[in-house]
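Asker: One predicted model, sequence on top.
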Amino acid sequence: MKLDLKKWNEMEFGNVTYKKQDLWSKLNVLDAKEKTHRLTVEERLEQVNLRTDIEKLTLLEEISCTWKKGTPIPNS
């Protein structure tokens, strides 16, 4: 069952760390551009979406680490 869960996790979410690094890279480009130029509305929206996606992936990483440690996830 553990292997099935691991396989499902990779198929469903992919490599979270790699995806997060890619998003950070794209966000850094926009942040650097923002220091020297005014961003377009589309670029600002992309910036917000990138930050949101990074936050989601960070939460997925935290949940994954919790599962790996065998620590129960508290109910909110």
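Answerer: Sure, I can see it.
Asker: any idea which helix or strand comes after the helix-or-strand element of the chain with minimal mean pLDDT?
Answerer: Least confident helix or strand, the chain: helix 2-13 with a mean of 70, by mean pLDDT, DSSP states H and E. Toward the C-terminus, helix 2-13 is succeeded by helix 16-36 as the next helix or strand (DSSP states H and E).
Asker: any chance you could read off phi and psi for L39?
Answerer: For L39, the backbone dihedrals (degrees, to the nearest 10) come out as phi -80, psi 150.
Asker: What's the local residue count around it?
Answerer: 14 (other Cβ atoms under 10 Å). C-beta coordinates here come from the backbone N, C-alpha and C atoms, glycine included.
Asker: swap in L45?
Answerer: L45 sits with 11 neighbouring residues when counted by other Cβ under 10 Å.
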